[in-house]
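S.K.: okay, here's the prediction I keep looking at, along with the sequence it came from:
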Amino acid sequence: MVVPVIRIQAEDFDAAAEIARLTAGRADVGAVVTFTGLCRDEGGTLAALELEHYPGMAEEELERVAAEALRRWPLTGVTAIHRYGKIAPGGNIVLVVTASAHRTAAFEAGEFLMDYLKTRAPFWKKEHSVDGTSGDWVEAKSDDDKAAQRWAEPRP
Amino acid sequence: MVVPVIRIQAEDFDAAAEIARLTAGRADVGAVVTFTGLCRDEGGTLAALELEHYPGMAEEELERVAAEALRRWPLTGVTAIHRYGKIAPGGNIVLVVTASAHRTAAFEAGEFLMDYLKTRAPFWKKEHSVDGTSGDWVEAKSDDDKAAQRWAEPRP
Amino acid sequence: MTKLVYFAWVRERIGKPEEEVELPGNVRTVAELARWLAGRGEEYAYAFENPDVVRAAIDKKHVKPDAPVAGAREIAFFPPMTGG
Amino acid sequence: MTKLVYFAWVRERIGKPEEEVELPGNVRTVAELARWLAGRGEEYAYAFENPDVVRAAIDKKHVKPDAPVAGAREIAFFPPMTGG
């Protein structure tokens, strides 16, 4: 049975350590996909993103998303780590790692996790500008909803 | 201009170092996808894979595949590293890293690179069995051809 | 008493992260709760000025506007999520 | 003289990784070259027993069976690739 690794944390994460966690001491993993989401500076205007989250629900929602990925793809491991608090441009925000015997499952599950996480995990981003003003809350993108919707039908 | 990082090497690679190479000191990268292909033990029967390659052409072909990915997606960086020689179960074989402002480009380009690399990069795997026999050459999968064919039409 | 929690600009507009309320008997669904809250003052009216945009969760699970609030321990209101 | 290079089981069957050959004038394409090689001995016949399976590259670029060999410096024959 695969137990997802789910963490909500202020600290940074290390993609290599998380890959190692899913592969060390075993030889049935043929493919590992990582997705790292980083804070962009939006052409130099952004000083930091502030990530607010719903404690408790954030973990639960990532658990649900990971469980759904395990139900849909033959994964040997799945990891989802999301940071909260103030994150400067260039800093890490989110890490998803999927491991499987085969590459298609690892890729598809990684995309699924990110699409679902974007529209379901209770996190909100506030922009702090370089001019010192505390800017607006980032608006949800309809593209993200569309991306999530393509997984609405169960896949083989 | 993005210069792809292409390496054909016997030594192992470090995914975290390659992620850092595409992200360090810049704040325009929003998404990094890595794919790591590993040697499986095939249920305990495999002692090692031996990777043969066509020196010179292997680099050139990875350069061509990376250039094609850069043409199709707005990437800020692309890396392809393929090992050769004897690789034990659990060991790394191939690493692809794609970086972009947006996650869809990073994911799609990563899948594209792996699909193309599988069917175009001149590498061949020979199986060495645990019973000491030097086994067969791995046969190409028609699934891999199909996976590569889905990129035949230019994508936006 | 039911615990209400608010996040992001819903929290900022209402001016507090959480509160305990006694739900009136005629508030049966999440949508009715949002409407009732909107009538409690201008900060609430502001938070729910576009009720279709505000999302809700009951006991840390996403729910639709027609979800019943009966038995809920904690009801959350927040904007569409922008994590990841 | 043209350099021929072989990989994987094509190399193993022919028994050498490379050789220099003088191409006859009637060998114009990669497919004709494969057919000509297959007639050079049983190790070559074995390597090219199923010519549709063997892939080719000229000067380190993939080519189709109908690619002309004129001007080629290095022609490679190998099985379908299994890297990645």
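M.R.: Great, that's in hand.
S.K.: which helices and strands does the strand or helix carrying residue A:19 pack with?
M.R.: Assessed by DSSP states H and E, residue A:19 sits inside helix A:15-23. Helices and strands touching helix A:15-23, by 3 or more CB pairs under 8 Å, 6 or more residues apart in numbering or on different chains; DSSP states H and E, are strand A:5-9, strand A:31-38, strand A:75-83, strand A:92-100, helix B:15-23, strand B:31-38. (C-beta placed from N, C-alpha, C; glycine too.)
S.K.: so can I have CSV of these showing mean neighbour count?
M.R.: Written out in CSV, the entries for those read as follows (neighbours: other CB atoms under 10 Å in any protein chain shown):
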stretch, mean neighbour count
strand A:5-9, 17
strand A:31-38, 26
strand A:75-83, 24
strand A:92-100, 26
helix B:15-23, 19
strand B:31-38, 26
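S.K.: can you put the ones you listed in JSON lines and add mean pLDDT?
M.R.: Formatted as JSON lines, the entries for the helices and strands packed on helix A:15-23 read as follows, by pLDDT from 0 to 100:
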{"stretch": "strand A:5-9", "mean pLDDT": "98"}
{"stretch": "strand A:31-38", "mean pLDDT": "98"}
{"stretch": "strand A:75-83", "mean pLDDT": "98"}
{"stretch": "strand A:92-100", "mean pLDDT": "98"}
{"stretch": "helix B:15-23", "mean pLDDT": "96"}
{"stretch": "strand B:31-38", "mean pLDDT": "98"}
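S.K.: residue C:83 and chain B, how far apart?
M.R.: With distances taken as CB to the nearest CB, to the nearest Å, residue C:83 is found 12 Å from chain B.
S.K.: next one: residue C:76
M.R.: According to CB to the nearest CB, residue C:76 stands 26 Å off from chain B.
S.K.: mind listing what's buried in the lengthiest helix in chain C?
M.R.: Using DSSP state H to assign secondary structure, the helix with the most residues in chain C is helix C:30-38. For helix C:30-38, burial by neighbour count (16 or more other CB atoms under 10 Å in any protein chain shown) applies to C:30-34, C:36-38.
S.K.: quick check: next helix or strand after that helix?
M.R.: Scanning forward in sequence from helix C:30-38 by DSSP H and E, the next helix or strand is helix C:42-47.
S.K.: for that following helix, name the packing helices and strands.
M.R.: helix C:8-14, helix C:30-38.
S.K.: now the residue in chain A that chain D sits nearest to, what are its backbone angles?
M.R.: Using CB to the nearest CB, the point where chain A gets nearest to chain D is residue A:103, with a distance of 7.9 Å. Main-chain dihedrals, residue A:103, degrees, to the nearest 10: phi -70, psi -30.
S.K.: ok, the closest residue to it other than its chain neighbours - contacts?
M.R.: Counting by CB to CB, 6 or more residues apart in numbering or on different chains, residue A:31 is the residue found nearest to residue A:103 once chain neighbours are left out, at 4.0 Å. Counting by CB atoms under 8 Å, 6 or more residues apart in numbering or on different chains, residue A:31 makes contact with A:99-103, A:105-107, B:35-38.
S.K.: next: residue A:30.
M.R.: Counting by CB under 8 Å, 6+ apart, residue A:30 touches A:100-103, B:37-40.
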